[in-house]
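[1] Kindly return the folded structure for what I paste below:
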Amino acid sequence: MAKVIDDIERVLVDEKELDATVRRIASEIDEYYKDSVASGKKLLLLGILKGSVVFMGDLMKHITLPVEIDFMKVSSYGRSAKSSGTVNIILDLFRDDLPQTDILVIEDIIDSGRTLSYLTEYLTLKGAHSVRTCTLLDKPQRREVDFNADHVGIIIPDEFVVGYGLDYAERYRTLPYIGVLKPEIYKS
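    As a prediction, the model looks like this:
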């Protein structure tokens with residue numbers, strides 16, 4: 001782990017702040033969906049692989065409502081750290097009960113906004129009762145489309161971050177905090 005830690009310029013969000021953020025968002029979700037769940041609708045936490053896994057795992061521990069979970073794998077990035085601008089669905093969601101399901105899309109970070117904007121429309125067209133979005137991190141200054149998540153954890157500056165599920169070239173996901181990656185790592 002020493003090499004991984006050496007690649008981090010600084011810690012942006014520590015473990016304590018992450019825990020408090022996750023608990024706050026879980027409370028917001030409980031409050032928002034309590035009437036819908038009470039009326040018989042299903043609440044589906046839809047994690048976007050792979051980055052949201054750690055956040056979603058912690059989040060669902062603190063949601064008190066009954067929830068189901070599922071995953072989609074979607075990509076707007078190629079091999080570089082820059083978005084391609086095209087959203088590709090690699091693993092889709094297939095359910096017969098979408099009209100009775102409130103979907104909460106769980107994402108690790110919003111940059112351009114393209115992925116969540118596309119998914120919200122896509123899942124609505126597939127027939128979901130409702131589609132809302134939740135992100136741990138938000139970089140509004142990177143937005144390329146008009147999109148705002150319904151539940152936002154932390155607004156961060158335009159820096160390349162890793163840890164707590166976020167990666168660069170499949171590395172750094174296991175860091176227990178959000179760290180800023182040294183530029184020489186992703187620009188080389």
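
[2] and the most centrally placed residue in the chain, what are its bridge partners?
    Nearest residue to the geometric centre of the chain (Cα atoms, centre = their mean): E107, 1.2 Å. Bridge pairing for E107 (DSSP bridges) gives the partners T135.

[3] Figure out how far the least confident helix or strand in the chain by mean pLDDT is from the centre of its chain.
    In the chain, no helix or strand scores lower on mean pLDDT, DSSP states H and E than helix 2-6, which sits at a mean of 75. Distance of helix 2-6 from its chain centroid, counting by Cα atoms, centre = their mean, to the nearest Å, is 25 Å.

[4] Equivalent analysis for stretch 89-104, please.
    On Cα atoms, centre = their mean, the centre of stretch 89-104 falls 17 Å from the chain's centre.

[5] Kindly report the same for stretch 151-169.
    9 Å.

[6] What of stretch 4-13?
    Distance, centroid of stretch 4-13 to centroid of chain: 20 Å (Cα atoms, centre = their mean).

[7] List the buried residues for it?
    Residues of stretch 4-13 classed as buried by neighbour count (16 or more other Cβ atoms under 10 Å): 7-8, 12-13. In this view, the C-beta of every residue, glycine as well, is placed from N, C-alpha and C.

[8] Next, count neighbours for the closest residue to R173 other than its chain neighbours.
    Distance criterion Cβ to Cβ, 6 or more residues apart in numbering; nearest residue to R173, sequence neighbours excluded, is D167 at 4.7 Å. By other Cβ atoms under 10 Å, 16 other residues sit near D167.

[9] In strands only, show me the buried residues of stretch 4-13.
    If you go by DSSP state E, these have 8, 12-13 in strands.

[10] and the next element down the chain from the longest helix along the chain?
    Secondary structure of the chain read by DSSP state H shows that its longest helix is helix 15-38. As assigned by DSSP states H and E, the chain's next helix or strand after helix 15-38 is strand 42-49.

[11] other SSEs contacting that next one?
    With contacts taken as 3 or more Cβ pairs under 8 Å, 6 or more residues apart in numbering; DSSP states H and E, strand 42-49 sits against helix 15-38, helix 53-62, strand 68-77, strand 101-110, helix 114-125.
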